[in-house]
Structures are given as structure tokens and as C-alpha cells.
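Chemist: turn this into a model:
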Amino acid sequence: MAVQWYTVDDEAAIERLDAAWEGAPVENLETLGALLASAQRQIIAYAPALGEGEEYPEEYSLAQLNLARNLWNDDKAMAGGGNIGADGFTYAPPPLPWKHLVRPVRVAPDVY
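Modeler: Now for the predicted structure:
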């Protein structure tokens with residue numbers, strides 16, 4: 001099945017996104033659309049090349065969502081000076097592993 005990218009193109013797309021990402025910044029659709037488009041472009045650039053007639057797998061939409069969320073959270077953390085939590089302790093939450101959804105880690109070595 002081909003990937004169904006997340007967008008903010010219409011009300012149904014926004015509802016799908018809102019159901020998948022609790023706390024998505026749906027109050028600013030321009031910013032949210034830019035986050036999703038940027039994530040989609042980065043995933044396509046990082047993904048292995050497709051063969052003729054192949055389509056991106058459905059799991060790439062999850063990678064797009066994780067990367068968009070990471071970009072949003074990074075922006076919020078930087079706006080707050082990098083401090084998250086009480087008493088001004090600095091904590092940078094680790095990003096969700098979107099790259100592993102696009103290029104899974106191989107456990108078997110290549111043998112030539």
C-alpha cells in the first residue's frame with residue numbers, strides 16, 4: 001500500500017493528523033503544513049531509491065509524523081532556552097527514531 005502523507009489540505013486531513021498527534025499545533029495551519037512538508041521532503045531524501053513502479057511504503061507516514069513532532073518539539077525547546085522541567089534543569093528529550101522507519105537497522109552483516 002502506498003504512503004498517505006500527512007497534510008493540512010482539508011478538514012479530513014486535519015482530523016486524521018489531530019487523531020494521530022495529540023497536541024499538534026492545529027491552531028497554526030501554515031506552520032504545521034510547513035513542518036509536515038519539511039518532514040516529508042527529508043524522508044524522501046533519506047529513503048532508499050525506489051525502483052521503477054515502486055511506491056513509498058505506508059510506514060513512511062509514521063516517520064513523517066515523528067519527524068514533524070521532533071521539529072516542533074525542538075523549536076519549542078529552543079524558544080524556552082532549552083529548559084524543560086522544573087527549576088530550570090536542562091533536558092533535551094531524545095528524538096523519536098524516524099530514520100529507523102525509513103531505513104531499518106540491519107542485524108546481519110553484508111558478506112561478499
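Chemist: just how off-centre is the longest helix along the chain within its chain?
Modeler: Using DSSP state H to define each element, the chain has its longest helix at helix 60-79. Helix 60-79 sits 5 Å away from the centroid of its parent chain (Cα atoms, centre = their mean, to the nearest Å).
Chemist: for it, which positions count as buried?
Modeler: Of all the residues in helix 60-79, those buried under the rule 16 or more other Cβ atoms under 10 Å are 60-73, 77. The way it works is simple: take the backbone N, C-alpha and C, and place the C-beta from them, glycine included.
Chemist: by pLDDT, give me the weakest of those.
Modeler: pLDDT across these is at its lowest for Ala77, which sits at 61.
Chemist: once you drop chain neighbours, what's closest to the residue positioned nearest the centre of the chain?
Modeler: Relative to the mean C-alpha position of the chain, the nearest C-alpha, by Cα atoms, centre = their mean, is the one of Leu67, at 2.2 Å. Spatial nearest neighbour of Leu67, chain neighbours left out: Ala39 (3.9 Å); criterion: Cβ to Cβ, 6 or more residues apart in numbering.
Chemist: ok, now how distant is that neighbour from Gly51?
Modeler: Ala39 sits 24 Å away from Gly51, going by Cβ to Cβ, to the nearest Å.
Chemist: now do Ile14
Modeler: To Gly51, Ile14 is 33 Å away according to Cβ to Cβ.
Chemist: which of these two has more neighbours?
Modeler: In this view Ile14 and Gly51 are compared by other Cβ atoms under 10 Å, and Ile14 has more residues nearby, 18 against 6.
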